[in-house]
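> all I have is the shape, not the residue letters:
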């Protein structure tokens, strides 16, 4: 039997703990995607399935991206919503193209800009063209109304709050009356503007990203939230209207780690 001194035992434990934390931050929380499902439908019939993809921050096409595409294809959602920060450089649009090429082209998709599309001086015309080739519309202060399953769904896309020129009133101009209205807004803080400007328009859901759930958190403490987060961090905000869900997203920004903020995909029935 090998005897281990108390000091060596403690030292080994500390090293093992540090190793586990590094493994979690550098690998598990980044690449083991947490799929979260919510049913917010008003009826048991004619449910519409949506998938939210946020904050891809493409650096390369990885195995987990392929797994995401495979699961999306198996779920066959009615809509995919891509809520900003897909790429931060024009040359990375090719990676986005490769990813979208893995997803069933027949699934309608709608995308918006995030701050990094602007901060990285991404060619928005090329981005829009790439999205279009994959049955995806890039909405910049625009709306579309789609008839599906005997329902009308209005989709409003807002330009990024801190990098672009968001204009909610322009975005809802000539909007058709719909059974369900969804707003895509990368920065959750813009929800406060929407609440003030929506007037009589009923908004069923706001989908945001941007915060990465804090990206690095310690027992609930979040040392840094990006500009445009406001008083919001992650998950559901339902106490006031319109209700909003903030995805923790897929990629990372600035530092290539996640801690206490596991990467997330969102599936909803509405």
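In hand now; what should we look at? In this text the structure is predicted, and so the values were computed from the model without any measurement.
> only C-alpha atoms from now on, for both contacts and neighbour counts.
Will do.
> could you pull out the helices for this protein?
For the chain, the helices defined by DSSP state H occupy 6-23, 29-31, 63-75, 93-100, 115-119, 124-132, 168-171, 191-197.
> mind checking which of the ones you listed is nearest residue 140?
helix 168-171 (7.6 Å; Cα to Cα).
> picking up where we left off before, tell me, which of the helices of the chain is the model least confident about?
Lowest mean pLDDT within the helices of the chain: helix 6-23, a mean of 38.
> save the helices of the chain as TSV, and put in distance to residue 157 too.
TSV is the format used below for the helices of the chain (distance: least, Cα to Cα, whole Å):
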stretch	distance to residue 157
helix 6-23	37
helix 29-31	27
helix 63-75	22
helix 93-100	19
helix 115-119	14
helix 124-132	13
helix 168-171	7
helix 191-197	12
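> out of these, which is closest to residue 207?
helix 191-197 (9.5 Å).
> buried residues in that closest one, which are they?
Buried residues in helix 191-197, counted by 16 or more other Cα atoms under 10 Å: 191, 194.
> quick revisit: show me the one of the helices of the chain that comes nearest residue 44.
The nearest among the helices of the chain, by Cα to Cα, is helix 63-75 at 18.0 Å.
> return the list of helices and strands in contact with that closest one.
Applying 3 or more Cα pairs under 8 Å, 6 or more residues apart in numbering; DSSP states H and E, one finds that helix 63-75 makes contact with helix 93-100.
> by contact count, what packs against the helix it packs on?
helix 63-75, helix 124-132.
> right, and the ones you listed - which one's nearest residue 244?
helix 63-75 (22.2 Å).
> tilt between that closest one and helix 93-100?
40 degrees (axes from the mean of the first three to the mean of the last three Cα atoms, to 10 degrees).
> mind listing residues that contact helix 63-75?
31-33, 51, 99-100, 102-104 (Cα atoms under 8 Å, 6 or more residues apart in numbering).
> how about a cut-off of 6 Å?
102-103 (Cα atoms under 6 Å, 6 or more residues apart in numbering).
> now it: buried residues?
65-66, 68-69, 72.
> ok, which of the helices of the chain comes nearest residue 259?
The nearest among the helices of the chain, by Cα to Cα, is helix 29-31 at 6.7 Å.
> in a markdown table, list the helices and strands packed on helix 93-100 along with distance to residue 181.
A markdown table is the format used below for the helices and strands packed on helix 93-100 (distance: least, Cα to Cα, whole Å):
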| stretch | distance to residue 181 |
| --- | --- |
| helix 63-75 | 22 |
| helix 124-132 | 22 |
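> nearest to residue 158, out of those?
Among the helices and strands packed on helix 93-100, if distance is taken as Cα to Cα, the winner is helix 124-132, at 14.5 Å.
> which elements pack onto that closest one?
Packed against helix 124-132, as judged by 3 or more Cα pairs under 6 Å, 6 or more residues apart in numbering; DSSP states H and E, are no other helices or strands.
> so who does residue 30 touch?
Neighbours of residue 30 in contact, by Cα under 6 Å, 6+ apart: residue 263.
> distance check, it against residue 84.
Distance of residue 30 to residue 84, computed by Cα to Cα, to the nearest Å: 18 Å.
> and residue 266, what does it touch?
With Cα under 6 Å, 6+ apart, residue 266 has these contacts: 35-36, 51-52.
> which one of those has the most neighbours?
By neighbour count, taken as other Cα atoms under 10 Å, the most surrounded of these turns out to be residue 52 (25 neighbours).
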